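> Fold the stuff below for me.
(chains A and B)
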2 protein chains.
Amino acid sequence: MNTATHHSFAPDTLQVLAFDIFGTVVDWHGSIVLEMQHLYPQVDGDAFALAWRDGYAPAMARVMSGEVPWTLIDDLHRQILDAILPQFGLAHLDEPERAQLNQVWHRLAAWPDVVAGLARLKAKYILCTLSNGNLNLLTRLSKQAALPWDCILSAENFHAYKPDPRTYGGVARVFGVAPGQVMLVATHHDDLAAARACGLRTAYIERPLECGAKQPKDGQAVAANDLHARDLLTLATLLGC
Amino acid sequence: MNTATHHSFAPDTLQVLAFDIFGTVVDWHGSIVLEMQHLYPQVDGDAFALAWRDGYAPAMARVMSGEVPWTLIDDLHRQILDAILPQFGLAHLDEPERAQLNQVWHRLAAWPDVVAGLARLKAKYILCTLSNGNLNLLTRLSKQAALPWDCILSAENFHAYKPDPRTYGGVARVFGVAPGQVMLVATHHDDLAAARACGLRTAYIERPLECGAKQPKDGQAVAANDLHARDLLTLATLLGC
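Model (predicted):
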């Protein structure tokens, strides 16, 4: 597999790297499995993590369609959690237990390359988040994982979830730069394609184990992306950091 | 002068410290004087800095009254700059020179205690900005001064400038805490009074030279504030960090 595609891409014009978080920067699947093994070892943590995450896109779609009003991801996560608990024999969890479990999304672990990779990238670029996670979630998650963002941006800033163009265009507008001076870094091709349609640069990060060892991603390079990297250390090297 | 007032204030319930920026964290007056000495040594930098800052409150008042639409501080700074340049013999500055000078607000220097003080406070609290400066200004300023915020919040998040209650209440709402779990840290008593009216805790920082050596502030303690500190190192000590 090649590690970089070769466009007429001039990294010197780039000012801002905007990072997807769930899957790209933090290991949501592994963190939830670990939490379940600790709290509820009788439950299949792999299936539980996947079921929780499966509810995510449909829940955001109901918000973006206008079926339900603007809702923070912490609240969507909680609604999905309440819906799936009975399927896993956990219908008896009380309010504090549910609130505590829902906050696992504030405690997700970063992939092993992330802190060192971000430190290298930060010397050259403005680093921000661009996640559908709300500001509280992203701030607490980043604090516990020591992620050195220059700024935390969220769907909450734009009242729209990715892949709505307001989010990608919003990053460029916030920083007063052209869309082509922003690069989205993500492990999801649909996210990157939507960013590209708004004029952003794109970097794909592989993360083959995002959904656990039973559901590996193929991580194949898509030529439309400006960069393709195994992890953030490779990305730093590709960007000359 | 006492360094702390003695309320029934329980720091253990505190989760978030929200910092005013201009004057409290960065030395806008000294930074502008230095920039003027370098670029336009014939100009009285002290008077120039004060004139620029004097336009700030009236410009925000015109936005908040609805006389003009929502405007970022970068743009208000530029409007004020354009208005005062003739008074200082600088009416001849061209567009790139004006743009460059306006960005001095992205390059303000932190007071000497700030980086070390924030590092101590960060171990115990979520640290965020709460400034009327826009996100771009705050991000670039913080990056160049190495300020380790957990999150950058701005009037831009709330489409309202301090002292509008939406800003102070907005910080508590963003982080999902009660207003009394947030402390505003600022060197301006009007800012602190407005925060207190929203239920926030308050800490006054002295900064006697905020407006230059010719216009020292008295920095007297106001009993209504929970804490009164000479600088952020003293604040860290008062908060047990």
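
> drop to CA atoms for contacts and neighbour counts, all remaining ones
Fine.

> Under the pLDDT cut-off, which ranges of chain A? List them.
A:1-11 (pLDDT under 70).

> Could you rerun that using 80?
Along chain A, the parts satisfying pLDDT under 80 run over A:1-11, A:219.

> domains for it, by residue range?
A:11-27+A:109-238, A:28-106 (automatic domain parsing).

> how about the residues of chain A near chain B?
A:126, A:135-136, A:139-140, A:142-143, A:148-152, A:157, A:174-176 (CA under 8 Å from any CA of the partner chain).

> run the last query once more with 6 Å
A:136, A:151-152, A:174-175 (CA under 6 Å from any CA of the partner chain).

> Tell me which stretches of chain A form helices.
Along chain A, the segments classed as helices by DSSP state H run A:28-39, A:45-54, A:56-64, A:73-84, A:95-102, A:114-122, A:135-144, A:155-158, A:165-174, A:189-197, A:232-238.

> which one of the residues of chain A next to chain B has the most neighbours?
Using other CA atoms under 10 Å in any protein chain shown as the neighbour criterion, A:I152 leads the residues of chain A next to chain B with 27 neighbours.

> What residues does the residue nearest the centre of chain A make contact with?
Closest to where the C-alpha atoms of chain A average out (CA atoms, centre = their mean) is A:I21, at 2.4 Å. Contacts were defined as CA atoms under 6 Å, 6 or more residues apart in numbering or on different chains; by that measure A:I21 touches A:S131.

> Tell me how far it lies from B:A213.
Note on A:I21: its distance to B:A213, by CA to CA, to the nearest Å, is 46 Å.

> and A:W52, how many neighbours?
20.

> hang on, I meant A:W149
26.

> Report the contact partners of A:E35.
A:E35 touches nothing, counting by CA under 6 Å, 6+ apart.

> if we go to 10 Å?
A:41, A:45, A:101, A:104, A:107-108 (CA atoms under 10 Å, 6 or more residues apart in numbering or on different chains).

> With respect to A:I205, which of the residues you listed is nearest?
A:L108 (18.0 Å; CA to CA).

> neighbours around A:F158, how many?
Per other CA under 10 Å, the neighbour tally for A:F158 reads 18.

> Over to A:S65?
9.

> I'd like the distance between it and A:Y161.
In terms of CA to CA, A:S65 sits 11 Å off from A:Y161.

> now do A:Y204
In this structure, A:Y204 and A:Y161 are 20 Å apart, going by CA to CA.

> who has more neighbours, those two?
When A:Y204 and A:Y161 are compared for neighbours, A:Y204 comes out ahead with 29 against 26, by other CA under 10 Å.

> Would you enumerate the residues in contact with the more buried one?
Per CA under 10 Å, 6+ apart, neighbours of A:Y204: A:3-4, A:24, A:184-189, A:191-192, A:219-222, A:225-232, A:235.

> switch to 6 Å and redo it
A:186-187, A:228.

> Find the nearest non-adjacent residue to it, please.
A:H228 (4.7 Å; CA to CA, 6 or more residues apart in numbering or on different chains).

> count of neighbours near the one you found?
29.

> again, but for the one 5 residues further on
Applying the criterion other CA under 10 Å, we find 20 residues in the vicinity of A:L233.

> tell me the most buried of the domains of chain A?
Burial of the domains of chain A is given as mean neighbour count (mean count of other CA atoms under 10 Å in any protein chain shown); domain A:11-27+A:109-238 ranks first at a mean of 20.

> what distance separates that one from the middle of the whole chain?
7 Å (CA atoms, centre = their mean, to the nearest Å).

> out of everything not next to it in sequence, what's closest to A:M36?
Sequence neighbours aside, A:G45 is the residue nearest to A:M36 in space, at 5.6 Å (criterion: CA to CA, 6+ apart).

> so what's A:H29 up against?
Counting by CA under 6 Å, 6+ apart, A:H29 makes contact with A:49, A:211.

> I'd guessed A:G219 sits against A:E206; true?
Yes: taking CA atoms under 6 Å as the definition, A:G219 is a contact partner of A:E206 at 5.0 Å.

> A:L127 is in contact with A:W149, isn't it?
Yes: A:L127 lies in contact with A:W149 (CA under 6 Å); the separation is 5.4 Å.

> could the domains of chain A go into CSV alongside distance to B:E97?
Putting those into CSV (distance: least, CA to CA, whole Å) gives the following:
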stretch, distance to B:E97
domain A:11-27+A:109-238, 18
domain A:28-106, 43
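
> Could you say which one of these comes nearest to B:D74?
Comparing the domains of chain A by CA to CA, domain A:11-27+A:109-238 comes nearest, at 10.1 Å.

> which residues touch the residue of chain A most remote from its centre?
Among the C-alpha atoms of chain A, the one most distant from their mean position (CA atoms, centre = their mean) is that of A:H92, at 30.6 Å. The contact partners of A:H92, by CA under 6 Å, 6+ apart, come to none.

> Can you give me the distance of the closest residue to A:V174 other than its chain neighbours to B:L50?
Among residues not flanking A:V174 along the chain, B:N136 sits closest, at 5.9 Å (CA to CA, 6+ apart). According to CA to CA, B:N136 and B:L50 sit 23 Å apart.

> try A:W70
In terms of CA to CA, A:W70 sits 43 Å off from B:L50.

> One more: A:H189?
From A:H189 across to B:L50, the span is 51 Å (CA to CA).
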